[in-house]
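1. Next come a sequence and a model predicted from it.
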Amino acid sequence: KQKVQKKYRVNPKDKDLQKLDAEIAEADALLTGSSTNEVVYAKTINLFKTQLDEVRERIYGEVPVAKEIHERIASEFDKQMSTALKSNSLTEIKVAAEKFTHFETLAETQGESANYLDFGADKPLDRDAFREALEGKVKELVSVNIMRVLSDLPEDVTLRRVESAIQRYVRLAEKGLGLSSREESMNLVIETLKKEEKRLRGEEGGIGKALLTSRLISKLEVGPAVVTVSPEVPVVRASTTPLSRSAMSPKASPAVHPAPPASAPPAERPTIPKRRREMPSETGSFTLEQTSGLIIGDMVMWKDRYTGENKWNEERRIESFSPGDGGKVFAHFSEAVEEGKRGTGVRVDILTKKKEVAVTDESVLETTTSIPEGRHEKLTRAETLKLFAYQDAEIPAQEKKEGLRNVTTLEHISDFAGVLETLTEKIGLKALQEKAETMIQDLKKVLDKVGVNPSPYSISKSWALWDIASNEYFVQNPKKNEGRTSASVLTNSTKERECVDAQIGREVYDAYIHNRLNVPAFLPKVDAKNRGDVDRLLKTEPTEDRTLSFKSLIRLGELVRGEVVSEAPKAESPKPPIRVTEDMRTKKPVEVPESKKAEEEPAPENKIEKLSVSEKIGKAFVEFCKGKQGFVHSDFEKELKKTVPEATVQPMFRPTGAHEFYFTNQRETSSMQYWRITVGSENFVVPTPVSGERFEGNKGFQSSGGRIPPPNKLTHLMPAKVRMNGQRWEIEEEGSFDKPGSGKETLTSVDVKNTPDTGVQEEDKRLTPSRKIGNAFVEFCKGQKGDEFNKSVLEEKLKESFPSIDLSVKTIFRSTGADDDHDIYFTDARESSPHRYWLVTIGSAHYLLPYPKARNKFEGTEGLTGV
């Protein structure tokens with residue numbers, strides 16, 4: 001009773017009350033229930049019957065305590081709900097609504113005794129009225145916030161900007177706003193947008209935003225549309241996709257195949273500018289014209305680049321906007337071009353039926369003269385779209401439908417589809433599919449080498465046909481390729497391999513970010529010289545489309561392939577001049593090429609080119625330290641740029657008082673300076689030379705036996721590699737003062753002040769740190785008089801053996817919970833009757849010594865043998 005009253009006296013919670021109720025019910029059941037042993041213990045039970053009844057009555061007497069808790073919870077809830085109704089935070093209202101629903105559920109499942117809304121409240125709660133008040137507040141806030149957001153947008157706003165502005169309210173609606181179902185919440189947002197659209201139409205200068213709001217309402221109301229082709233008049237309806245992150249932020253990059261369904265690796269999408277050409281159709285020929293515009297319901301709006309004005313025509317329907325008789329509109333939602341001017345909005349392609357007979361565009365293949373001529377089958381547009389949409393992949397039928405729907409929404413699809421149709425007429429679909437199969441086999445060969453299973457999308461011919469068509473298009477329109485090199489996949493093996501490498505990179509990166517790539521097993525199968533770059537690319541942050549840039553994908557594929565891709569065959573090297581020498585054994589003249597010595601001993605600059613970035617930095621640092629007394633990081637940067645032009649050098653600092661090992665960009669109290677070298681996305685660290693005799697600090701660098709050479713005697717250095725973690729730089733790979741493969745025992749992660757070599761005996765040099773500590777401890781114990789052993793004396797003794805290394809000795813304790821030899825561990829804090837030990841710390845290495853309790857006895861020897 002006392003514990004319950006004390007525990008729940010202040011700010012009781014509903015879970016506490018439930019626990020109390022359960023405890024009271026359990027006690028009551030135990031006290032009043034019948035027992036099978038009642039006969040045996042009848043006398044005892046009768047003896048204490050009166051006392052037990054009294055106990056039971058006292059427990060029932062605690063019910064007012066429970067009632068008091070109910071009352072407090074009810075009052076607290078009333079206060080929270082009142083505060084929420086007065087606030088202007090939609091999130092706060094949503095939380096209140098969820099809590100209200102939770103309490104209602106409790107009331108229904110546990111009865112009125114658990115109805116915290118009514119029981120003991122100041123006044124009974126009218127639930128219907130309260131729910132109505134909450135819903136009214138939600139509607140008010142949604143309306144006010146959407147109106148404010150739309151009012152704050154500029155007049156020349158784009159559809160994408162409008163979508164982004166109200167995205168938060170769409171997401172809240174999708175979660176039900178805490179009160180209603182998703183459908184009811186979405187209807188609330190849509191109805192609010194409709195009211196705002198009507199209001200904007202009546203405002204001066206608001207018609208543009210009203211049109212965009214109307215378009216947005218259509219996207220929320222209508223599901224994805226499907227491309228339809230009428231046998232009489234071709235009509236391609238614009239796809240209207242639900243509002244989503246992907247719909248709001250399309251990416252653009254040339255000559256990359258269309259994105260497969262959501263479950264497959266997404267692809268970057270090219271931006272195709274305005275063009276005018278003949279567009280073949282299964283029912284005749286149609287002239288394709290384009291203008292910058294936006295279809296909004298039955299209105300059209302576009303932006304004049306030079307005046308900055310939004311232009312629209314509300315009177316004319318889409319059909320009348322299309323020139324010619326029977327024309328229909330094919331809209332792409334992206335940036336558009338009007339009469340050669342860059343504009344903002346949605347490109348509108350107008351298909352106008354021509355009266356004359358269709359004539360194919362013979363200029364499409366002007367530069368691909370090596371492709372054999374000949375008439376072949378002619379594809380319909382629907383058949384062409386299927387070739388691009390992964391319909392041959394081994395994927396579920398629903399994903400195939402999504403793939404077809406996705407490909408029809410791409411703004412460049414009409415251009416690339418037209419090219420593929422023309423290619424099919426000239427060389428045949430079979431020839432194109434054979435080329436695609438060759439590219440797929442190349443991809444599978446490379447992925448098999450590194451142990452990566454290709455996805456069904458990479459085995460499909462769609463990506464290869466897409467690359468073939470897109471590159472053929474850019475061969476004919478090089479100015480639209482934004483300065484990139486245009487070449488035909490059908491006639492240029494380098495371009496073909498580039499496309500395959502991009503797909504390899506896409507497969508590997510997608511496997512990595514979706515945790516399907518076993519990196520420890522994968523990297524060893526990559527060429528050793530490429531592993532570092534492959535690992536760096538895999539760790540690169542993905543784009544919004546969850547992939548890498550097209551250039552990075554190509555590079556990743558090249559590195560995984562492990563072959564150097566050449567743009568053109570290398571010119572034959574001229575034969576070296578011949579000189580005549582004499583064979584020392586036969587004394588006969590022998591012709592020797594002048595270049596022989598150069599081949600045997602590469603020039604210094606060639607040696608440097610073959611070094612890794614780390615080796616170049618280390619070599620430059622060693623040369624920089626020779627013969628100097630003053631050291632400035634900017635001077636080192638100038639020297640380093642001779643071999644690593646993109647390198648920058650900045651000071652960084654290691655706090656010496658911190659328990660953890662890290663670096664910061666700003667100097668703190670008691671810190672040591674280091675130099676950080678940045679090369680691209682990689683960062684390296686070297687110790688800062690204070691003079692020719694010592695470094696300021698060198699923790700994070702290995703050295704044989706713990707001895708650090710002074711800067712002016714440095715012969716080798718491998719910089720440490722660091723990475724940023726929050727506001728700190730942390731060691732990723734330790735550096736070294738030793739030459740690779742020296743085979744000497746090293747003491748890692750020591751931080752010391754360097755001094756010149758003091759001429760330690762050769763025997764001492766060969767001792768390991770453990771042996772040195774042991775010898776010093778033996779001498780220390782022998783030299784002590786009496787039974788007092790001071791660890792500070794031992795510390796000074798050890799520093800004689802390690803003159804240039806930071807060293808400390810502290811007392812630690814063996815835990816009393818360690819009862820046998822298999823459970824030995826130590827703590828910093830003393831427990832009851834523990835054994836003391838000494839812990840010797842050198843850098844990051846730790847060594848254990850027994851604590852001498854007297855001249856003839858150690859306090860403990862667990863963990864040591866033969867003592």
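-> Cool, got the structure.

2. Next, the buried residues of the longest helix along the chain.
-> In the chain, with assignment by DSSP state H, the single longest helix is helix 127-152. For helix 127-152, a neighbour-count test (16 or more other C-beta atoms under 10 Å) marks 130, 134-135, 137-138, 141-143, 145-147, 149-150 as buried. Using the backbone N, CA and C atoms, a C-beta is placed for each residue, glycine as well.

3. ok, then the element right after it?
-> Per DSSP states H and E, the first helix or strand lying C-terminal to helix 127-152 is helix 159-165.

4. Am I right that residue 731 falls within a strand?
-> Yes: applying DSSP: H, G, I helix; E, B strand; the rest coil, one finds residue 731 inside a strand.

5. Excluding chain neighbours, what is closest to residue 811?
-> Of all residues not flanking residue 811 in the chain, residue 836 sits nearest, at 5.6 Å (C-beta to C-beta, 6 or more residues apart in numbering).

6. now swap in residue 721 and tell me
-> Spatial nearest neighbour of residue 721, excluding adjacent residues (C-beta to C-beta, 6+ apart): residue 733 at 4.1 Å.

7. Near that neighbour, how many residues? Count them for me, please.
-> Here the number of neighbours of residue 733 (other C-beta atoms under 10 Å) works out to 14.

8. ok, it touching residue 720?
-> Yes: Residue 733 is within contact range of residue 720, at 6.4 Å (criterion: C-beta atoms under 8 Å).

9. Tell me which stretches of the stretch 551-700 of the chain form strands.
-> Listed in chain order, the strands of the stretch 551-700 of the chain (DSSP state E, counting those that start in this stretch) span 578-582, 589-593, 648-655, 671-679, 682-687.

10. and these, which one is worst for confidence?
-> Across those, strand 578-582 has the smallest mean pLDDT, namely a mean of 43.

11. For residue 673, see how far away residue 666 is.
-> 11 Å (C-beta to C-beta, to the nearest Å).

12. more neighbours, the two?
-> residue 673 (17 against 9).

13. Contact partners for the more buried one?
-> By C-beta atoms under 8 Å, 6 or more residues apart in numbering, residue 673 lies in contact with 651-653, 667, 688, 696-697.

14. What of residue 685?
-> 652, 663, 674-677, 700, 719-722, 729, 731, 735.

15. Return the distance of it relative to residue 738.
-> Distance, residue 685 to residue 738, by C-beta to C-beta: 17 Å.

16. quick one: common contacting residues for residue 666 and residue 673?
-> What both residue 666 and residue 673 touch, as defined by C-beta under 8 Å, 6+ apart, is the set residue 653.

17. thinking again about what came up before, report all helices and strands that whichever strand or helix holds the residue nearest to residue 811 contacts.
-> Element membership for residue 836, per DSSP H and E: strand 835-842. Under the contact criterion of 3 or more C-beta pairs under 8 Å, 6 or more residues apart in numbering; DSSP states H and E, strand 835-842 touches helix 791-801, strand 807-814, strand 845-850.

18. Domain ranges for the chain, per the record?
-> 2-125, 132-221, 222-251+278-359, 361-561, 608-747, 765-858 (automatic domain parsing).

19. Comparing those, which yields the minimum mean pLDDT?
-> Per-stretch mean pLDDT for these is lowest at domain 222-251+278-359 (a mean of 35).

20. residue contacts, residue 531?
-> 523-524.

21. and it, which of the three is it?
-> helix.

22. what about it, distance to residue 525?
-> In terms of C-beta to C-beta, residue 531 sits 10 Å off from residue 525.

23. And residue 501, by the same measure?
-> Taken as C-beta to C-beta, the span from residue 501 to residue 525 is 17 Å.

24. who's more crowded, the two?
-> Set residue 501 next to residue 525 and count neighbours by other C-beta under 10 Å: residue 501 wins out with 24 against 13.

25. Is the more buried one located within a helix, as I assumed?
-> Yes: with three-state DSSP as the criterion, residue 501 is part of a helix.

26. In contact with the closest residue to it other than its chain neighbours, which residues are there?
-> Computed as C-beta to C-beta, 6+ apart, the closest residue to residue 501 that is not its neighbour in sequence is residue 557, at 3.0 Å. Taking C-beta under 8 Å, 6+ apart, we find residue 557 in contact with 446, 500-506, 508.

27. The same query, at a cut-off of 6 Å, please.
-> By C-beta atoms under 6 Å, 6 or more residues apart in numbering, residue 557 lies in contact with 501-502, 504-505.

28. So which of these is the closest to residue 408?
-> residue 502 (23.2 Å; C-beta to C-beta).

29. Next one: the closest one from residue 554, what distance?
-> 5 Å.

30. Next: residue 809.
-> Counting by C-beta to C-beta - residue 809 and residue 554 are separated by 58 Å.

31. can you check residue 498 too?
-> 6 Å.

32. Tell me the residues that contact both of these two, please.
-> Contacts common to residue 498 and residue 554, judged by C-beta under 6 Å, 6+ apart, are absent.

33. circling back to that earlier point, TSV for the contacts of residue 685, including distance to residue 426?
-> Converted to TSV, these look like this (distance: C-beta to C-beta, whole Å):
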residue	distance to residue 426
652	62
663	63
674	64
675	62
676	58
677	55
700	64
719	57
720	60
721	54
722	57
729	59
731	60
735	61
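
34. In ChimeraX, select just the buried ones from these.
-> The buried subset of those, as determined by 16+ other C-beta under 10 Å, is captured in ChimeraX by this line:
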select :652,663,674,675,676,677,700,719,720,721,722,729,731,735
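
35. Just the closest of the contacts of residue 685 to residue 425, please.
-> Nearest member of these to residue 425, counting by C-beta to C-beta, is residue 721, at 56.5 Å.

36. what's residue 852 sitting at in phi/psi?
-> Torsion angles at residue 852 (phi, psi; degrees, to the nearest 10) stand at phi -70, psi 110.

37. which residues touch it?
-> 781, 789, 858.

38. Quick check: closest non-adjacent residue to the second one.
-> It stands for residue 789. residue 852 is the one closest to residue 789 (C-beta to C-beta, 6+ apart), at 4.2 Å.

39. now swap in the first one and tell me
-> Nearest non-adjacent residue to residue 781, counting by C-beta to C-beta, 6+ apart: residue 852, 6.0 Å away.

40. same check, this time on the last one
-> Using C-beta to C-beta, 6+ apart and skipping the chain neighbours, the partner closest in space to residue 858 is residue 850 (4.0 Å).

41. Could you report the neighbour count for the one you found?
-> Around residue 850 there are 20 residues (other C-beta under 10 Å).

42. ditto for residue 430
-> 11.

43. So it versus residue 423, what's the distance?
-> Counting by C-beta to C-beta, the gap from residue 430 to residue 423 is 12 Å.

44. Residue 94: helix or strand, and which one exactly?
-> Taking DSSP H and E as the criterion, residue 94 maps to helix 90-110.
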